[in-house]
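Student: Turn this into a model:
(one chain, ligands or ions: 2)
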Amino acid sequence: MSTIRLIDIYKAFKDGDNTVHALFPTTFTIEKNEFVAIIGPSGSGKSTLLTMIGALQEPSGGKLYIDDVDIALLNDKQKAKLRFEKIGFVLQSANLLPFLKINEQLELKAKYAKKRYDQKESNKLLTQLGIEKLADKYPNKLSGGERQRAAIAYALYGDPVLILADEPTASLDGQKSLEVVALLKEIAKKQNKAVIMVTHDNRLLHYCDRILKIEDGVLQEVAHSEI
Ligand SMILES: Nc1ncnc2c1ncn2[C@@H]1O[C@H](COP(=O)(O)OP(=O)(O)O)[C@@H](O)[C@H]1O
Ligand SMILES: [Mg+2]
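Tutor: Ligands and ions are numbered 1, 2, ... in the order given. Now for the predicted structure:
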């Protein structure tokens with residue numbers, strides 16, 4: 001049983017008479033506890049892959065299983081439920097709403113999923129991430145690193161099995177980037193989650209267990225020594 005299983009997943013976009021092959025047929029599995037990096041030049045297909053794994057965008061073909069659920073069999077409502085229960089997203093610009101305090105962001109996530117807000121879980125997460133004192137602050141009162149921690153707390157709320165991070169350190173300096181990546185690794189190892197991170201920063205790769213490299217829509221797994 002794998003957390004993520006892709007079998008010949010591909011994505012092609014029609015552009016007039018042309019077809020853009022954003023991702024050629026791709027097969028791999030990722031287990032709980034693994035911290036996996038996706039690297040590759042701009043436009044190579046990284047976000048396309050990540051959004052398909054996150055059930056935000058449908059593949060053109062192939063099979064995708066999340067926690068052994070074939071997501072092609074789910075309707076939109078079931079997909080939204082699966083996203084809430086199993087997947088946490090962390091985005092580059094710390095996807096927080098400017099007009100809500102940090103604890104209210106987590107409360108809103110529960111509301112979206114029509115779940116009772118669990119104040120205890122929220123406190124626990126913020127403490128774990130070292131930002132419990134910022135719970136009643138608005139995002140603009142936080143530093144870039146603190147905002148990214150808050151975004152990770154948001155992603156972790158609801159205890160998903162899979163964390164997807166699209167360039168989570170892009171807006172942070174070197175030291176803060178290392179801290180965030182060390183944190184993502186700890187989440188994979190201590191909380192037994194699968195963590196997938198898209199990154200442009202090769203200095204972060206030694207934290208990762210595996211490296212998947214995409215070039216022009218073709219993905220291959222590479223060894224640390226090949227970077
Ligand atoms: N909605 C779309 N419509 C048409 N082409 C797209 C769409 N999304 C992505 N693409 C194309 O697919 C390729 C991969 O894009 P993307 O996955 O965003 O790359 P990356 O995240 O690696 O920068 C690019 O050529 C991009 O222009
Ligand atoms: Mg991208």
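Student: Could you check which helix or strand contains the residue in the chain that ligand 2 sits nearest to?
Tutor: Of all residues in the chain, residue 47 sits closest to ligand 2, at 3.2 Å by Cβ to the ion. Yep, even glycine has a C-beta here, placed from its N, CA and C like the rest. Element membership of residue 47, judged by DSSP states H and E, is helix 46-53.
Student: for residue 163, same thing?
Tutor: Judged by DSSP H and E, residue 163 forms part of strand 162-166.
Student: That strand pairs with which strands?
Tutor: strand 87-91 (parallel), strand 194-198 (parallel) (DSSP bridges).
Student: To ligand 1, which of the ones you listed lies closest?
Tutor: Among those, strand 194-198 comes nearest to ligand 1, with 6.9 Å by Cβ to the nearest ligand atom.
Student: Check which helices and strands the helix or strand following the strand holding residue 163 is in contact with.
Tutor: Sequence order places helix 174-190 as the next helix or strand after strand 162-166, per DSSP H and E. If contacts are counted by 3 or more Cβ pairs under 8 Å, 6 or more residues apart in numbering; DSSP states H and E, helix 174-190 sits against strand 35-39, helix 144-156, strand 162-166, strand 194-198.
Student: Tell me which of the ones you listed is the most buried.
Tutor: Mean neighbour count, computed with mean count of other Cβ atoms under 10 Å, is highest for strand 194-198 among the helices and strands packed on helix 174-190, reaching a mean of 26.
Student: now that one: how far from the chain's centre is it?
Tutor: Remark: strand 194-198 is offset 6 Å from the chain centroid, using Cα atoms, centre = their mean, to the nearest Å.
Student: Contact residues of this structure facing ligand 1?
Tutor: Residues of the chain found near ligand 1 (Cβ under 6 Å from any ligand atom) are 13, 15, 20, 22, 40, 42, 43, 44, 45, 46, 47, 48.
Student: which among the residues you listed end up buried?
Tutor: Buried subset of the residues of the chain next to ligand 1 (neighbour count, 16 or more other Cβ atoms under 10 Å): 22, 40, 44, 45, 46, 47, 48.
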